[in-house]
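Colleague: Got a sequence here, can you model it:
(one chain, ligands or ions: 1)
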Amino acid sequence: MSRLIILISGRGSNMRALVEAGLPVAAVISNRADAGGLVWAREHGIATEVIDHRLHVDRPSFDQALAETIDRYRPDVVALAGFMRILSAPFVERYRGRLVNIHPSLLPAFTGLHTHERAIEAGVKCHGATVHLVTAELDHGPVLIQAIVPVRQDDDPERLAERVLRAEHIIYPRAVRWLLEGNLDMTGDHVRTRDAQPQYLWADGSAEGL
Ligand code: GAR
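Modeller: Just a heads-up that it's a prediction; the model follows:
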């Protein structure tokens, strides 16, 4: 059975979606001891670890400690779920092709932070979320699946974020399962599902309960 490690920094709602989808989670690791998601993981009998970035002198030494902890679980896939640390190139290289992230925008638009606010400010009509393989460049890398969430005229960042998050909880387990089950063909930056499952979710309120 393939094994999944989830890295979190905060409340861990995406972590929860991965667990509740029945994926084989070996452990949840956080860079913050106070991450809310750790409490939920422990309550559900999942192994947890804390690697506090503040206890490491620099990024390489933090990344090394993190990698050593991850490797003890021998995972097939490592999923970043609201893990708010930039990872160094050697770390990313070590897990190439099996390190995955979810980002709250339709990449390559709106990399970085405050994506919902920036989408509203920019006046775009479609926003969403992206699951992608991690490369050394922040919020870049081959796209596995995207959820398209229309921006409504009366949206504020909180309302929009809430609808995007619900879409995240659908697409992340789907994409991680594809990776775990080897259901993806990768050619350069292009990733396709072997069985032609759609790699988008149209989350306009009429689909899948959103
Ligand atoms: C999610 O919206 C996720 O897409 C985002 O942080 C949130 C974490 O929420 N990630 C990023 O912005 C990464 N660049 P969660 O802890 O409830 O899953």
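
Colleague: hey, let's count contacts and neighbours off CA atoms from now on
Modeller: Fine.

Colleague: Can you pull the residues of the chain lying near the ligand?
Modeller: Contacts of the chain with the ligand, taken as C-alpha under 6 Å from any ligand atom, map to 10-15, 81-82, 102-104, 112, 165.

Colleague: Whichever helix in the chain runs longest packs against which elements?
Modeller: The residue-count maximum for a helix in the chain (DSSP state H) belongs to helix 157-180. If you count contacts as 3 or more C-alpha pairs under 8 Å, 6 or more residues apart in numbering; DSSP states H and E, helix 157-180 packs onto helix 13-20, strand 77-80, strand 99-103, helix 115-122, strand 126-133, strand 143-150.

Colleague: Quick check: buried residues in it?
Modeller: 157, 160-161, 163-180 (16 or more other C-alpha atoms under 10 Å).

Colleague: State the next helix or strand along the chain beyond that helix.
Modeller: Per DSSP states H and E, the first helix or strand lying C-terminal to helix 157-180 is strand 184-187.

Colleague: And the contacts of that following strand?
Modeller: 178, 191-194 (C-alpha atoms under 8 Å, 6 or more residues apart in numbering).

Colleague: Please identify which of these is nearest to the ligand.
Modeller: residue 178 (18.6 Å; C-alpha to the nearest ligand atom).

Colleague: Let me see the contact set for the closest one.
Modeller: By C-alpha under 8 Å, 6+ apart, residue 178 lies in contact with 184, 193.

Colleague: Residue 26 is in contact with residue 19, correct?
Modeller: No. If you go by C-alpha atoms under 8 Å, residue 19 and residue 26 don't touch, sitting 10.1 Å apart.

Colleague: ok, for residue 150, nearest residue in space, not its chain neighbours?
Modeller: Nearest residue to residue 150, sequence neighbours excluded (C-alpha to C-alpha, 6 or more residues apart in numbering): residue 126, at 4.3 Å.

Colleague: how much space between the one you found and residue 203?
Modeller: In this view, residue 126 and residue 203 are 10 Å apart by C-alpha to C-alpha, to the nearest Å.

Colleague: Which of those two has more residues huddled nearby?
Modeller: residue 203 (20 against 16; other C-alpha atoms under 10 Å).

Colleague: The more buried one touches residue 148, doesn't it?
Modeller: Yes. Residue 203 lies in contact with residue 148 (C-alpha under 8 Å); the separation is 5.7 Å.

Colleague: Flag the shaky bits of the chain, pLDDT-wise.
Modeller: Applying pLDDT under 70 to the chain flags the ranges 1, 205-210.

Colleague: just to revisit the earlier point, now, the contacts of strand 184-187 that are in strands?
Modeller: Taking DSSP state E, the ones among the contacts of strand 184-187 that sit in strands are 191-193.

Colleague: In JSON lines: the residues you listed, plus distance to residue 68.
Modeller: Output for those, formatted as JSON lines (distance: C-alpha to C-alpha, whole Å):
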{"residue": "191", "distance to residue 68": "29"}
{"residue": "192", "distance to residue 68": "31"}
{"residue": "193", "distance to residue 68": "31"}
